[in-house]
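Novice: Predicted coordinates and the sequence they were generated for:
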Amino acid sequence: MTRRLLIGAAAAILATAGIMPFAGLLRQQPSDSSIESAANAADTAAPIYYQDPDGKPLYSLTPKKTKDGRDYRAIPAGADISFDEPEQPAEMTAAEPKTEHKGDRKIKYYRNPMGLPDTSPVPKKDSMGMDYIPIYDGDDSDDGSVRLSPGRIQRTGVRSEPAALRTIHTMVRAPGIIQLDERRVSVISMRSESFILKVANVTTGSHVVKGQPLMEVYSPAVATAAAEYLATITSKTTGSDQAYGRGSRQRLVNLDVPEAAIAAIEKSRNVPTSFEWTAPRDGIVLERSAIEGMRVQPGGVLFRIADHSVMWALIDVAERDLGMISKGQWATVRARSFPGREFSGKVEVIYPEINKETRTARIRVELPNPDLALLHDMYVDAEIDTGTGEPVLTVPESAVMDTGSRQAVFVDKGQGRFEPREVKTGHRGSGYVEVREGVADGEPVVVSANFLIDAESNLKAALKGFAEGAQQ
């Protein structure tokens, strides 16, 4: 019977391969004697067919050569397929499946190689001929851990790194604009009705220094006060005269007469017809309204001068990053007009309001500007270092699997076991994440291919649930 099956199977293989002469053999009805003689010939004769030497699905009933001159490989009966049933111990029955071992570990069951919810207590193939995967004792432990073989760990590139104390530097990036320091802006105006006699060669955009002459002004009120002051300092100095003299000088100060002009009156003992007005500070002239011969009413602005040696950077920080900003943090500002150049300063003020249209908060950074490169209304980009400088427990960013509501890591327990652990994270920066709960210092966590372990964990959990349901 075995020989009959052998010949029939060989004929079926050759017919499937396209060797039509065997089709006639399948249609014949040979007698038992012919089958017996054919079986004896198959045992003693050499090959039953010839196959391409490279293993391609090319066959021949007679010896043949390939196009490059190589001989086809001779295939004897039973060389490629065995139809003999394996011998089994007499004491093993169908009701008692054979238990396989791998070293000291026992195979519990076999699962579908494609991840389908199908298990088997004995070796099995799926519909595509793929072997079921053996599951050993300990691979599906109840503690939620996942076990992988060393070969699988190497193939998938699983890599672990211990959690450690590190200093996290989180950079908040935001755009901003340069503005003048409000405390370094001066306005020159007259406090009494005056006439401008002459204006110095100073225009908008000119740089002036403190004490530099700007214009000559005639004011009846200033002239009267100067005459009174001169009379007191030239008269005999009695107690009442000294008090009156101090009052006369104070009237000149109240009229905003420059100190240099008052000193000139005291030195020359003469009241000039006009007074020279000078710049009150170093800076750039932002506005000039003074014109020779014009009449000026009290309060009229003639010059506006601003000091550019220190500027403000007003940075618009996103609302979500506002909680990480505090006073005293260092900020690096880069002007778009000067690529590659950096300006550094500290956060001085956090404005107590949110822009309802842009949902941003404004902070102020003071920047030294010694070469006057920064100009007001200039656009800049800022980076604010929000790190505290104190080391915290961290893991690499790639180790944390974030689902939105939960964060988890895989802790490497050794010997191919990986335990999923829920964690609570904090600040992020420099490629690391602060871990506040869930992991201890020095515990190794998976930083590479953790998504494959997560998929394996979900698959095993699903298979375990199906297996328990089937048993119930």
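Specialist: Received it, and whenever you're ready, just let me know what you need.
Novice: does the spatially closest residue to R436 that is not a sequence neighbour count as helix, strand or coil?
Specialist: Using Cβ to Cβ, 6 or more residues apart in numbering and skipping residues adjacent in sequence, the residue nearest R436 is K424, 4.7 Å away. All C-beta spots, glycine's among them, are computed from the backbone N, C-alpha and C. On the three-state scheme (DSSP: H, G, I helix; E, B strand; the rest coil), K424 is labelled strand.
Novice: If K424 is in a bridge, with which residues?
Specialist: Under DSSP bridges, the beta-bridge partners of K424 are E437.
Novice: Can you report how many residues neighbour it?
Specialist: The burial count assigned to K424 is 12, neighbours taken as other Cβ atoms under 10 Å.
Novice: got it, and E216?
Specialist: Counted with other Cβ under 10 Å, the neighbours of E216 add up to 18.
Novice: surely it meets P272?
Specialist: No - between E216 and P272 there is no contact under Cβ atoms under 8 Å: 9.4 Å.
Novice: Who are the contact partners of the residue nearest to R436?
Specialist: Q407, V435, R436, E437, G438 (Cβ atoms under 8 Å, 6 or more residues apart in numbering).
Novice: Confirm that the second one sits in a helix.
Specialist: No - according to three-state DSSP, V435 belongs to no helix; its state is strand.
Novice: Strands of the stretch 51-200 of the chain, start to end?
Specialist: Applying DSSP state E, counting those that start in this stretch to the stretch 51-200 of the chain gives strands spanning 59-60, 73-76, 101-102, 105-111, 119-120, 133-136, 146-147, 159-162, 164-166, 171-180, 185-189, 194-199.
Novice: Output the below-cut-off pLDDT ranges for the stretch 351-472 of the chain.
Specialist: Scanning the stretch 351-472 of the chain for pLDDT under 70 picks out the ranges 388, 454-472.
Novice: what ranges do the strands span in the stretch 301-450 of the chain?
Specialist: Under DSSP E, counting those that start in this stretch, the stretch 301-450 of the chain gives strands at 301-306, 310-318, 330-335, 343-355, 360-368, 379-385, 392-396, 401-402, 407-414, 417-429, 432-437, 444-448.
Novice: Pull the distance from the shortest one to the chain's centre.
Specialist: A distance of 14 Å separates the C-alpha centroid of strand 401-402 from that of its chain, computed with Cα atoms, centre = their mean, to the nearest Å.
Novice: What helices and strands are in contact with that strand?
Specialist: Counting contacts by 3 or more Cβ pairs under 8 Å, 6 or more residues apart in numbering; DSSP states H and E, strand 401-402 is packed against strand 407-414, helix 450-471.
Novice: one more time with 7 Å
Specialist: Strand 401-402 is packed against no helix or strand, with contacts defined by 3 or more Cβ pairs under 7 Å, 6 or more residues apart in numbering; DSSP states H and E.
Novice: again, but for the third one
Specialist: Using 3+ Cβ pairs under 7 Å, 6+ apart as the contact criterion, the secondary-structure elements in contact with strand 330-335 are strand 343-355, strand 360-368, strand 379-385.
Novice: ok, the residue nearest to I177 when sequence neighbours are not counted - how many residues close by?
Specialist: Residue nearest to I177 in three dimensions, not counting chain neighbours: L314, with 5.5 Å by Cβ to Cβ, 6+ apart. If you count neighbours by other Cβ under 10 Å, L314 ends up with 16.
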